[in-house]
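In: got a predicted structure here, sequence first:
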Amino acid sequence: MKKLKNFILLALSLLLFDSCNSQTANVDLYYKYSFNSPIKVFNKKTKKPYSGEFVSISNNDKVRIEFKDGKMDGTYLRTFIDGDTLEYKKYENGIKLLSLDFIYHNGKLDYKELIKDQNGNNADIKLFIESCNLLVNNNFNELDNLLDNDYSETFKKLKYLFGPLQSFKLNNVTKKYYRYNKSEHITGDITFYFSKKDLNLAFLIVMTPQKIKGQGFIYPTLDYEIEKSQIDRKVIKSINEKNIDEFISLTQYSDSHKTFFKKKFEKIGEISKDSRFLNTHFDYFNRLLLVQDYLVVIDNEKQVLSLIYDINKNNLNLIDIKFSNYHKDFNVLHRINGK
């Protein structure tokens, strides 16, 4: 079991996100690191928010996006290289207003599908209220039977961080219908009142003719500092000193990873002693994780240092770290979801 655990943690460290092979057809853009907020792009030369059209071409498709003051505003059009339309979207001030997908079968247009938020009906509202009442009362077995999913571990971890769940407020219910698999994606905007903190979560339930399935939560960024912890300073110090033993003692890695981290640390330059806390958010990789993001400077370049914690019943364990660019090239985002 320990070997499997270490393998998973190692895989986390090696995970890279790559885009398809692309070539931008106009100005070079970048966007700043952000989490849970509409993307905003900047002109590399002027450093100002970009307004105008952006075109990106890959081996298979072409995307044209309109921007205003750095945010998507206007048309998003994705086509095959031969010109057949794949997606049409409309944005205003970074917010997606509608999405139209073009479905093909055997190379021919089958149908167009308008995917647009609609208000949930009374049955949808009743389903969320029933589900949330079961959460408040810790009736996870009944909830599991209702939604075909187990949320007990997730809420035990939230209870450790924020205290017992006391009540909730259903703010809004919206749904989208997907014709291709005859499913309704129903989203509840819900405020959960824990004894120590209020959390506003988006809860997704998918309904098909065969079953109802709880698809989980979308978590917000948090104004939440880990209490009495200087772990960020210790991690930075161990990396700057290339002290593998100290780093391993701070995390859940074992001595078997020494060679891996030795090579990894050799590629990391000097991290500035000054670091600025950015935010805390949740991530989900087979289990609920807590992530603390810090803005650091490595060899005069801004980077985001993410400290990833496993949430146990009575403590937080640092299990992994990762670095990502604070300024990221905007090359091609063919499946971007504006908020």
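Out: Thanks, I have the structure now. Residues are numbered from 1 along each chain as shown.
In: correct me, but Tyr326 touches Ser306?
Out: No: using C-beta atoms under 8 Å, Tyr326 is not in contact with Ser306, being 11.7 Å away. For the C-beta atoms, the positions are set from N, CA and C on the backbone; glycine is no exception.
In: distance from the longest strand along the chain to the middle of the chain?
Out: Counting by DSSP state E, the longest strand found in the chain is strand 165-178. The chain centroid and the centroid of strand 165-178 are separated by 19 Å under C-alpha atoms, centre = their mean, to the nearest Å.
In: same question, stretch 140-149
Out: 25 Å.
In: likewise for stretch 207-225?
Out: Centroid separation for stretch 207-225 versus its chain: 12 Å, with C-alpha atoms, centre = their mean.
In: show me what counts as buried in that stretch.
Out: Across stretch 207-225, burial judged by 16 or more other C-beta atoms under 10 Å covers 207, 212, 214, 216-217, 219-222, 224.
In: and which of those residues is nearest to Leu201?
Out: Nearest to Leu201 among the buried residues of stretch 207-225 is Phe217, at 4.8 Å by C-beta to C-beta.
In: quick one, what contacts the closest residue to the closest one other than its chain neighbours?
Out: Distances taken as C-beta to C-beta, 6 or more residues apart in numbering place Leu201 nearest to Phe217, at 4.8 Å, with adjacent residues excluded. Counting by C-beta atoms under 8 Å, 6 or more residues apart in numbering, Leu201 makes contact with 190-192, 217-220.
In: do Leu134 as well
Out: Contacts of Leu134 (C-beta under 8 Å, 6+ apart): 140, 142-143, 146.
In: 6 Å instead, please
Out: Contacts for Leu134 (C-beta atoms under 6 Å, 6 or more residues apart in numbering) come out as 142-143.
In: in terms of helices and strands, where is it?
Out: For Leu134, the host element (DSSP states H and E) is helix 122-136.
In: buried residues in the helix or strand just after that helix?
Out: Using DSSP H and E, the helix or strand that directly follows helix 122-136 along the chain is helix 140-147. Neighbour counts using 16+ other C-beta under 10 Å place 140, 143, 146-147 of helix 140-147 among the buried residues.
In: likewise for stretch 275-284?
Out: 275, 278-282.
In: so where's the protein uncertain?
Out: Applying pLDDT under 70 to the chain flags the ranges 1-26, 36, 227-229, 332-339.
In: the nearest residue to Asp150 once chain neighbours are set aside and Ile212, how far apart?
Out: Once flanking residues are discounted, Asp150 sits nearest to Asp144: 5.2 Å by C-beta to C-beta, 6+ apart. The spacing between Asp144 and Ile212, counted by C-beta to C-beta, to the nearest Å, is 12 Å.
In: residues making contact with the longest strand of the chain?
Out: The contact list for strand 165-178 (C-beta under 6 Å, 6+ apart) reads 115, 117-118, 120, 124-125, 128, 132, 136, 184-195.
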